[in-house]
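Q: pasting the sequence and the predicted model now:
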Amino acid sequence: MVGTTLEDIRQYVTSLSSDAGRYYLVCGRTGEQPVPAAGLSFRNRPVARAAARATEQYRAALRRYDPSLPTYDVIVCERNREPAGDSPNSSSESTRERAEQSTAPERPASTESFGDGSLIDFCHAVAGAVFEAIAVSAHDDLENAIMDTYFDVAERIEHTDELCLCLLESMAAEMAVLDPTEQRDLLLGAARRLPASPPAEDPLESTLAQLQGSALLGAYTIRSRTVEPGTGARSWTVTIDDYALDEPVPNAGNGGIVTLPISLELLRRSPSRNLAIAGAETGAETGAETGAEADAETGVECGSDPSTYRATVTTDPMDRSRGLVLASGVTR
């Protein structure tokens, strides 16, 4: 079970960490902190090296399901290092250790984004966090269902770069059978396993910027922001272009656009809020304003471009969360 393996590795890496530690892990080529060690510090170099080996095992577990997952050159760095003349052992440090210290800048424990900025790395960070959340939930049969769906779809994929998208689509298709409350619990559990995000004045703006930076979507525009008097429900009307997960998911009723990464990012930034996404329509439809009445909390209007989505997203809706993994009602 890949989820159990990932959860065990993460717990091991976390157990090695120390709030007072001076050592941390980065990729020697990109300077990014690799999940599951992102934001963690370690008390000495040997412990940090053990965490680095476990981090490489973590990514290797995911790579079994998608060979396109990037390989990180995980190295150990030290922060707040004393001047060389002040340390009696400084002259004996190896060239490798000196190189590790100067390779990348210090990263804060709380970071707005995660991954190396690539679509593949973002998708697998999301998938890994969701698998971990599933592994410690009551839905232990869900992981096998996800992988069965993934393998069935992956056999028909010609380009390996698309496998990471298939993994998210498979997750969304299988999680859609759960109650919305169960979906939200799993996504909240997954969000806690990603690097912490500072509170955002506009969580949707931050979310879309993260997804754009990871190449999951092209351009986006936030047209309006409103707050419902009396309830505090907050709404945004946005336009999203070139969404990488815009294909309807097979076996999802009448089709559905994957909203899982959008919901996960919003919940990472606003974990105390409910969220509803429903009634998604695309620009391939008639161009009428039918999407606006699709849902009282969140509807998606259609536009002139098949790859464009105009959506109204509301946090803290009056009733329960919905459409957290799939937005149904898509017509092509």
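A: Looks like it came in fine.
Q: at which residues are the helices of this structure located?
A: 2-16, 45-63, 95-103, 119-135, 142-154, 163-175, 180-192, 203-213, 260-269 (DSSP state H).
Q: pLDDT averaged over the fifth one - what is it?
A: Read that as helix 142-154. For helix 142-154, the mean pLDDT works out to 81.
Q: so how far is that helix from its chain's centroid?
A: 19 Å (C-alpha atoms, centre = their mean, to the nearest Å).
Q: send over it as PDB, restricted to the C-alpha atoms.
A: Coordinates of the C-alpha atoms in helix 142-154 are reproduced here as PDB (Å, rounded to 0.1, in the frame of the first residue of the first chain):
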ATOM      1  CA  LEU A 142     -10.000   3.700  -1.400                       C
ATOM      2  CA  GLU A 143      -6.300   3.600  -2.200                       C
ATOM      3  CA  ASN A 144      -6.600   0.300  -4.100                       C
ATOM      4  CA  ALA A 145      -9.600   1.700  -6.100                       C
ATOM      5  CA  ILE A 146      -7.600   4.800  -7.000                       C
ATOM      6  CA  MET A 147      -4.700   2.800  -8.200                       C
ATOM      7  CA  ASP A 148      -6.900   0.400 -10.200                       C
ATOM      8  CA  THR A 149      -8.500   3.400 -11.900                       C
ATOM      9  CA  TYR A 150      -5.100   5.000 -12.500                       C
ATOM     10  CA  PHE A 151      -3.500   1.900 -14.000                       C
ATOM     11  CA  ASP A 152      -6.500   1.400 -16.300                       C
ATOM     12  CA  VAL A 153      -6.200   5.000 -17.600                       C
ATOM     13  CA  ALA A 154      -2.400   5.100 -17.600                       C
END
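Q: quick check: buried residues in that helix?
A: Buried residues in helix 142-154, counted by 16 or more other C-beta atoms under 10 Å: L142, E143, A145, I146, M147, T149, Y150, V153, A154. To be clear about C-beta, it is placed using only N, CA and C from the backbone, and glycine gets the same treatment.
Q: hang on, the earlier thing: out of the helices of the chain, nearest to T314?
A: helix 203-213 (10.0 Å; C-beta to C-beta).
Q: next one: the closest one to chain centre, how far?
A: 11 Å.
Q: tell me the angle of that helix relative to helix 260-269?
A: Here the directions of helix 203-213 and helix 260-269 differ by 130 degrees (axes from the mean of the first three to the mean of the last three C-alpha atoms, to 10 degrees).
Q: export the helices of the chain to TSV and tack on distance to T315?
A: Listed next are the helices of the chain as TSV, based on distance: least, C-beta to C-beta, whole Å:
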stretch	distance to T315
helix 2-16	28
helix 45-63	30
helix 95-103	40
helix 119-135	20
helix 142-154	26
helix 163-175	20
helix 180-192	12
helix 203-213	7
helix 260-269	7
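Q: looking at those helices, which is closest to G28?
A: Closest among the helices of the chain, using C-beta to C-beta: helix 95-103, at 5.2 Å.
Q: coming back round to it: for the helices of the chain, which has the smallest mean pLDDT value?
A: Among these, helix 95-103 scores lowest, with a mean of 37.
Q: which residues does L245 contact?
A: L245 is in contact with L165, L168, E169, L216, I257, V258, P261, counting by C-beta atoms under 8 Å, 6 or more residues apart in numbering.
Q: sorry, back to before: just the closest of the buried residues of helix 142-154 to Q183, please.
A: Using C-beta to C-beta, these come closest to Q183 at L142, 10.8 Å.
Q: spatially nearest residue to that closest one, not counting backbone neighbours?
A: I134 (5.3 Å; C-beta to C-beta, 6 or more residues apart in numbering).
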